[in-house]
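*Asks:* Could you work out the structure for the sequence below:
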Amino acid sequence: MKKILILLSGVILANALFAQGTKTPPQTQIMTLGVFHLAYHNLDVQKTKKKDQISVLEEPYQSEIIAICNAIETFKPTIIAIERTPNEQGVIDSLFSLYKSDQFKLKKDEIFQLAFRMGKKLNLPKIHCVNDWGKHYNDMETLFKDSIRAANFESYYFQSPDSIYMEKKTSKQVSNIIDEFIQLNNPKKIKESLSVYLLNPFKYEEKAGDFAGVDFETGRWFNRNLRIFRNLQRVAQKPEERILLIIGSGHLNLLNMFLDVSKEFDLVSPLPYLENAKMKTYTK
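*Replies:* I've put the predicted structure just below:
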């Protein structure tokens, strides 16, 4: 009888916790604006050749950027988050403070062109750094320290017949920033981009049947974006906050999924705002 009572009490508790878990608490609105890197750091696998790089400090790109900022500002973000790690927060704080006092000239990076520009106009106290580089398993750290094993992995990464990088190593020249952002934030394109992380190097095996490639992508991509998501949780202190995350568009294939299923966040698409920016530039 005692065992039955304990079992029943466990079922009642589980049901109570489930019922509590199904309640939707107040959610923080968050807009994810996926971008290409305006300064062309070329740190990603997909590079942009020098001849195809545009100067966003020139026209018509400056007008397009200003139109994007004006449109996104109507979302009224109270927090702007960027693809910089928290250990860079002090530098970002210093530069943003200088910019707000007209002592810093905006450079090409989207952090300056978009985040700083909107942050100043919205009179925000700071720009939040939420990036992370992920954490690899110990076996992957060991692989990277072995020059022969690392070379084998790198060869597979770039030269394997099923490598996605064999056919698409460079990106095209951007003719219109607004149109490019619209394409990058298209849900279908975002969903398709996740498939890349399930191909090469995900399928890499040092020995038949091992999970070397799986472990690599777990640390490089899945762990990294989960950590970025955790950093977003840290800056979202109040449900009434409205967060704007400006980040490389590749991250959206996981971050948007995490945010969409989260009970803490209400994911807002930037597409209507970008379409509005496009309309206003075309009607000038």
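
*Asks:* From the centroid of the chain, which residue is nearest?
*Replies:* Centrality entry for the chain: nearest residue to the mean C-alpha point is H251, 3.7 Å, by C-alpha atoms, centre = their mean.

*Asks:* Find the nearest non-adjacent residue to that one, please.
*Replies:* The spatially closest residue to H251, leaving aside those adjacent along the chain, is N225, at 5.9 Å (C-beta to C-beta, 6 or more residues apart in numbering). Quick note: C-beta positions are derived from backbone N, CA and C, even for glycine.

*Asks:* N87 too?
*Replies:* Nearest residue to N87 in three dimensions, chain neighbours excluded: C129, at 8.0 Å (C-beta to C-beta, 6+ apart).

*Asks:* was I right about the one you found contacting L95?
*Replies:* No - between C129 and L95 there is no contact under C-beta atoms under 8 Å: 11.6 Å.

*Asks:* neighbour count winner among those two?
*Replies:* When neighbours are counted by other C-beta atoms under 10 Å, C129 and L95 differ, and C129 comes out ahead with 22 against 18.

*Asks:* Over to that one: give its phi and psi.
*Replies:* Torsion angles at C129 (phi, psi; degrees, to the nearest 10) stand at phi -90, psi 120.

*Asks:* which residues in this protein form strands?
*Replies:* Taking DSSP state E, the strands of the chain run over residues 28-35, 79-82, 128-129, 242-248, 265-268.

*Asks:* Including distance to K105 and mean pLDDT, could those go into a markdown table?
*Replies:* Shown next, in a markdown table, are these (distance: least, C-beta to C-beta, whole Å; pLDDT from 0 to 100):
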| stretch | distance to K105 | mean pLDDT |
| --- | --- | --- |
| strand 28-35 | 20 | 98 |
| strand 79-82 | 18 | 98 |
| strand 128-129 | 21 | 98 |
| strand 242-248 | 19 | 98 |
| strand 265-268 | 31 | 98 |
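
*Asks:* With distance to E180 added, can I get these in TSV?
*Replies:* Shown next, in TSV, are the strands of the chain (distance: least, C-beta to C-beta, whole Å):
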stretch	distance to E180
strand 28-35	9
strand 79-82	19
strand 128-129	25
strand 242-248	13
strand 265-268	20
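
*Asks:* and the residue nearest to H251, what pLDDT?
*Replies:* Note on N225: pLDDT of 98.

*Asks:* swap in S171?
*Replies:* 70.

*Asks:* Return the set of buried residues in stretch 73-92.
*Replies:* The neighbour-count check on stretch 73-92 (16 or more other C-beta atoms under 10 Å) flags F75, P77, T78, I79, I80, A81, I82, E83, R84, I92 as buried.

*Asks:* For A236, state which of those is nearest.
*Replies:* I79 (7.4 Å; C-beta to C-beta).

*Asks:* so the closest one touches I243, yeah?
*Replies:* Yes - taking contacts as C-beta under 8 Å, I79 lies within contact range of I243: 4.5 Å.

*Asks:* Which neighbours do the two have in common?
*Replies:* Common neighbours of I79 and I243 (criterion: C-beta atoms under 8 Å, 6 or more residues apart in numbering): V235, A236.

*Asks:* before we move on, back to that, what's the closest of the strands of the chain to K280?
*Replies:* Short answer: strand 28-35, nearest of the strands of the chain by C-beta to C-beta, at 17.1 Å.

*Asks:* counting contacts, what elements does that closest one pack onto?
*Replies:* Packing contacts for strand 28-35, counted by 3 or more C-beta pairs under 8 Å, 6 or more residues apart in numbering; DSSP states H and E, involve helix 177-184, strand 242-248, helix 252-261, strand 265-268.

*Asks:* Relative to K207, which of those is closest?
*Replies:* helix 252-261 (28.3 Å).

*Asks:* Run a quick neighbour tally on K203.
*Replies:* A total of 14 residues lie near K203 under the criterion other C-beta under 10 Å.

*Asks:* quick one: it from P60, how far?
*Replies:* 43 Å (C-beta to C-beta, to the nearest Å).

*Asks:* quick one on the thing from earlier: what would the helices and strands packed on strand 28-35 look like in JSON lines with distance to K280 and mean neighbour count?
*Replies:* Output for those, formatted as JSON lines (distance: least, C-beta to C-beta, whole Å; neighbours: other C-beta atoms under 10 Å):
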{"stretch": "helix 177-184", "distance to K280": "10", "mean neighbour count": "20"}
{"stretch": "strand 242-248", "distance to K280": "19", "mean neighbour count": "22"}
{"stretch": "helix 252-261", "distance to K280": "24", "mean neighbour count": "18"}
{"stretch": "strand 265-268", "distance to K280": "20", "mean neighbour count": "18"}
